[in-house]
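Asks: A structural model of the following input is requested.
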Amino acid sequence: MSNTSMSETKLMALREAVNLAMSEEMRKDENIFLMGEDVGIYGGDFGTSVGMLAEFGEKRVKDTPISEAAIAGAAVGSAITGLRPIVDLTFMDFITIALDAIVNNGAKNNYMFGGGLKTPVTFRVASGSGIGSAAQHSQSLESWVTHIPGIKVVAPGNANDAKGLLKSAIQDNNIVIFMEPKALYGKKEEVTQDPDFYIPLGKGEIKREGTDLTIVTYGRMLERVLKAAEEVAEQGINVEVVDPRTLIPLDKELIFESVKKTGKLMLVNDAYKTGGFIGEIAAMVTESEAFDYLDHPIVRLASEDVPVPYARVLEQAVLPDVEKIKAAIIKMANKGN
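Replies: Coordinates of the predicted model:
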């Protein structure tokens, strides 16, 4: 190992950044452990815990039975008694079976005990489509959990943000649902190597400055929105891209200030459109003083309201892609002026 300077970065895939974040935190605090399906011998279903069993041993890297109800119950129970579990639930679709422990125990304990029963569990979930995993293994179900007080929901869109946010999630004393866009697991980016690099939950980031139109996006769609924004810049349309990074708590002011500047708001994610979290953001903007600055209706781009198809051409068809985003930007920019 070379002596790493504080600002040194390294080219790493998202799966490696997740691994590094967990490993760094586990080296700092022996109460932190990893549990879930295939996390040990197999190294994680998406390769996110390769090498961790060898470093930390089977007491701290625990393979579990394939029962999400049991996994979530054991995690919440161990958190109540002083441990700090990281749970790899693999596909986000499987959170449905774990919701009772998460929603009715984990999210409520601290409130019901007057602040005296902290439940620090980080549930890591692989979300979204794009790798041909079909209808039961391709969903982005963040709106199921953003609805519940007492749960934080984190949705990074690149490897460096994933590292800094996961470390903050593990240190947080609440239930945190940490979404990992599975289509980006292999995407390599520069990642900060400093073990004391944290991105605070609830702080978004302007990923691209612009003046004509605001797009709020997160997770997998961030990459597509940024690409679309670069391509429409050639036509003289200057798009501002706001990445909240955490959905709960949400950096509302960052969004409101951007909308006041541009007067137009588009929201893009890869969840089903009906009841999706971007609808909540749209409602917040209409209730805020930023509403008076809008000169165009708010536009949402999301997944079609159908189960995610297995066939690649159909899977691509139901999701916003760069061309669809560009078309929506051009239509919006030309209409509003």
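
Asks: Number of residues surrounding residue 103?
Replies: 18 (other Cβ atoms under 10 Å). Just so you know, the C-beta spots here come from the backbone N, C-alpha and C atoms, and that holds for glycine as well.

Asks: where's it relative to residue 9, distance?
Replies: 38 Å (Cβ to Cβ, to the nearest Å).

Asks: now do residue 203
Replies: Residue 203 is 20 Å from residue 9, by Cβ to Cβ.

Asks: Export the strand or helix carrying residue 326 to PDB, keeping only CA atoms.
Replies: Assigned by DSSP states H and E, residue 326 belongs to helix 322-336. Extracted C-alpha coordinates of helix 322-336, given in PDB (Å, rounded to 0.1, in the frame of the first residue of the first chain):
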ATOM      1  CA  VAL A 322     -30.900   9.900 -23.400                       C
ATOM      2  CA  GLU A 323     -33.100  10.500 -26.500                       C
ATOM      3  CA  LYS A 324     -36.300  10.700 -24.600                       C
ATOM      4  CA  ILE A 325     -34.800  13.100 -22.100                       C
ATOM      5  CA  LYS A 326     -33.300  15.200 -24.800                       C
ATOM      6  CA  ALA A 327     -36.700  15.400 -26.600                       C
ATOM      7  CA  ALA A 328     -38.400  16.500 -23.400                       C
ATOM      8  CA  ILE A 329     -35.800  19.100 -22.700                       C
ATOM      9  CA  ILE A 330     -36.100  20.600 -26.200                       C
ATOM     10  CA  LYS A 331     -39.900  20.600 -26.100                       C
ATOM     11  CA  MET A 332     -39.800  22.300 -22.700                       C
ATOM     12  CA  ALA A 333     -37.100  24.900 -23.500                       C
ATOM     13  CA  ASN A 334     -38.900  26.000 -26.700                       C
ATOM     14  CA  LYS A 335     -42.400  26.200 -25.300                       C
ATOM     15  CA  GLY A 336     -41.600  28.200 -22.200                       C
END
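
Asks: going forward, begin numbering at 32 instead of 1
Replies: Done: numbering now begins at 32, and the last item shifts to helix 353-367.

Asks: Quick check: buried residues in that helix?
Replies: 353, 356-357, 359-360, 363-364 (16 or more other Cβ atoms under 10 Å).

Asks: Over to stretch 131-149?
Replies: Applying 16+ other Cβ under 10 Å to stretch 131-149 flags 132-134, 136-141 as buried.

Asks: what residue ranges in the protein are flagged as low confidence?
Replies: Within the chain, the stretches with pLDDT under 70 are 32-37, 367-368.

Asks: Helices of that one, start to end?
Replies: 45-59, 83-87, 99-111, 126-130, 140-143, 173-177, 190-202, 252-264, 283-293, 308-318, 343-349, 353-367 (DSSP state H).

Asks: Which residues does the third one contact?
Replies: Meaning helix 99-111. Helix 99-111 is contacted from outside by 66-68, 95-96, 116, 118, 120, 125-126, 128-133, 136-137, 140, 148-152, 154, 206, using Cβ atoms under 8 Å, 6 or more residues apart in numbering.

Asks: what does the last one give?
Replies: Judged by Cβ under 8 Å, 6+ apart, the contacts made with helix 353-367 from elsewhere in the structure are 243-244, 246, 255-256, 258-260, 262-263, 266, 268, 270, 294-295, 297, 299, 326-327, 330, 332.
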